[in-house]
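>>> 3D model of this:
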Amino acid sequence: MSTGQIVQIIGPVVDVAFPSGTELPAINNALKVDRGADNEDLTVEVSLELGDGVVRTIAMDSTDGLQRGMQVTDTGAPIEVPVGDDTLGRMFNVLGETIDKGPQFGPDAERMPIHREAPAYDELATSTEVLETGIKVIDLLAPYIRGGKTGLFGGAGVGKTVLIQELIHNIAQGHNGISVFTGVGERTREGNDMYHEMKESGVLKQTAMVYGQMNEPPGARMRVALTGLTMAEYFRDEKHQDVLLFIDNIFRFTQAGSEVSALLGRIPSAVGYQPTLATEMGQLQERITSTKNGAITSIQAVYVPADDYTDPAPATTFAHLDATTNLERSLTQQGIYPAVDPLASTSTALTPEIVGQEHYEVATEVQHTLQRYRELQDIISIWEWMNCLTKKRQLLDARVVSNSSCHNHSLLRKPLLESLENTLRWKIQFVALRIFGR
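From the prediction side, this is the model:
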């Protein structure tokens, strides 16, 4: 293993020089910085070769206390993290170290590198199946695909994380499935709350949790998604099991990549994002797929800056998704949860060949009715208000508002784990009684 020393430190960027004639570490290799006997080694990852035996690295933890001249050792491999059944019920950081106060994994534990190639074309599965979530509006109008990628789009505070929590609970309860939750650049408080809620509900024992929160360096936030994905890939490729991969929030992955790109001196692209945005997103998303061994079904929360869907970050993510669930702020302002816009949400699975003729006809009729209501919404509101002359009419107006198409009607409100069969049975009541509050 090659040994060098630090020659420059700029925030989370560390330049390391190796002696002339020494083999330089490969791109993405993990290096260990010796911080003395009283401190743990710092892991940095090689990002660039600057020439003259110098490589530029990104730190996975704080660089406080580093000095020029400190010894750095090449591990000869990328970051490797624990995998397997022992990871279930545990919480990890980007390096695969446990952060739940439980015992650490020893050197003999099975590990895999976080940088891996996507499955070859001849390994991919070709069948398409629907994954029932137990949430009516999703299962009926924008069904998720087993082994597919789904995006939960919305601005700040519209309920993306809460919806992910509900999906984890429903799928663990209804399908007895294994899940990997990856918190990318989100609030530490949310991660702590989710851990304790999952522990109390009993689904933690079937879930591995990986966190790189917003207070951590950009290198950790950028690579933590790969750590969670690697754990999910093990269950698919080695255990031949289906696994659910939840990523909250994929926008923070892009944001961290933008910070790293600027630190490496790359010229920014549109709106300040990194010029390698599409490549980095593609390398992550192409590893999330169904193979002949099993399937990774990914549900990704996507923060939309300023509710602008043309922003390069969410726009780049769109291209990789099989289904989208759009959460609207206007619905949260009315107290509607989950705040799913049934007309803006889409799914490639909503075809007669995949969901069946009955499901397809019910969904299209519901969409048509909702669209017609939206077109007439202003007229209906004016007409109802003009007729609210008596106390009785005022009470009726309140009932109409509370039962309007996107408010409290039974079809779109979320019960606990509703089957698709029961959802389809609501067709007549929804169309005839609920849409206009009659």
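>>> Just the CA atoms of the longest strand along the chain, as PDB, please.
Ranked by residue count under DSSP state E, the longest strand found in the chain is strand 42-51. Taking Å, rounded to 0.1, in the frame of the first residue of the first chain, the C-alpha atoms of strand 42-51 are listed here in PDB:
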ATOM      1  CA  LEU A  42     -10.000  10.100   8.800                       C
ATOM      2  CA  THR A  43     -11.300   8.500   5.500                       C
ATOM      3  CA  VAL A  44     -10.800  10.500   2.300                       C
ATOM      4  CA  GLU A  45     -11.700   9.500  -1.200                       C
ATOM      5  CA  VAL A  46      -9.600  10.200  -4.300                       C
ATOM      6  CA  SER A  47     -11.400  12.400  -6.800                       C
ATOM      7  CA  LEU A  48      -8.700  13.900  -9.000                       C
ATOM      8  CA  GLU A  49      -5.000  13.400 -10.000                       C
ATOM      9  CA  LEU A  50      -3.300  16.800 -10.100                       C
ATOM     10  CA  GLY A  51       0.000  15.600 -11.500                       C
END
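>>> Give me the buried positions along it.
42-48 (16 or more other CB atoms under 10 Å). C-beta: built from backbone N, CA, C; applies to glycine.
>>> residues near Glu286, how many?
12 (other CB atoms under 10 Å).
>>> Which secondary structure elements does the longest strand of the chain sit against?
strand 13-17, strand 30-33, strand 54-59, helix 218-237 (3 or more CB pairs under 8 Å, 6 or more residues apart in numbering; DSSP states H and E).
>>> Distance to Ala349, mean pLDDT and mean neighbour count added to those, as TSV?
Shown next, in TSV, are the helices and strands packed on strand 42-51 (distance: least, CB to CB, whole Å; pLDDT from 0 to 100; neighbours: other CB atoms under 10 Å):
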stretch	distance to Ala349	mean pLDDT	mean neighbour count
strand 13-17	44	96	22
strand 30-33	39	96	22
strand 54-59	38	96	22
helix 218-237	20	95	25
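>>> Could I get those in a markdown table, plus columns for distance to Thr182?
Output for the helices and strands packed on strand 42-51, formatted as a markdown table (distance: least, CB to CB, whole Å):
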| stretch | distance to Thr182 |
| --- | --- |
| strand 13-17 | 24 |
| strand 30-33 | 19 |
| strand 54-59 | 19 |
| helix 218-237 | 3 |
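>>> And this structure, split by domain according to the record?
3-78, 81-349, 357-434 (automatic domain parsing).
>>> Could you single out the most deeply buried of the ones you listed?
Burial of the domains of the chain is given as mean neighbour count (mean count of other CB atoms under 10 Å); domain 81-349 ranks first at a mean of 19.
>>> Endpoints of that domain, how far apart?
34 Å (CA to CA, to the nearest Å).
>>> That one: how far from the chain's middle?
Centroid displacement of domain 81-349 relative to its chain, using CA atoms, centre = their mean, to the nearest Å, is 2 Å.
>>> quick one: Val302 is in a strand?
Yes: Val302 forms part of a strand when assessed by DSSP: H, G, I helix; E, B strand; the rest coil.
>>> Show me what it is bridged to.
Legend: beta-bridge partners of Val302 under DSSP bridges are Phe153.
>>> who's in contact with it?
151-154, 160, 249-251, 313-314, 317 (CB atoms under 8 Å, 6 or more residues apart in numbering).
>>> Give me the angle between the longest strand of the chain and helix 218-237.
Put simply, strand 42-51 runs at 100 degrees to helix 218-237, going by axes from the mean of the first three to the mean of the last three CA atoms, to 10 degrees.
>>> quick one: low-confidence parts of this protein?
174-175, 384-418, 423-438 (pLDDT under 70).
>>> Chain neighbours aside, what residue packs nearest to the spatially most central residue of the chain?
Per CA atoms, centre = their mean, the C-alpha nearest to the average position across the chain is that of Ile247, at 2.1 Å. Taking CB to CB, 6 or more residues apart in numbering, and ignoring the residues beside it in sequence, Ile247 has Gln300 as its nearest neighbour in space, at 4.4 Å.
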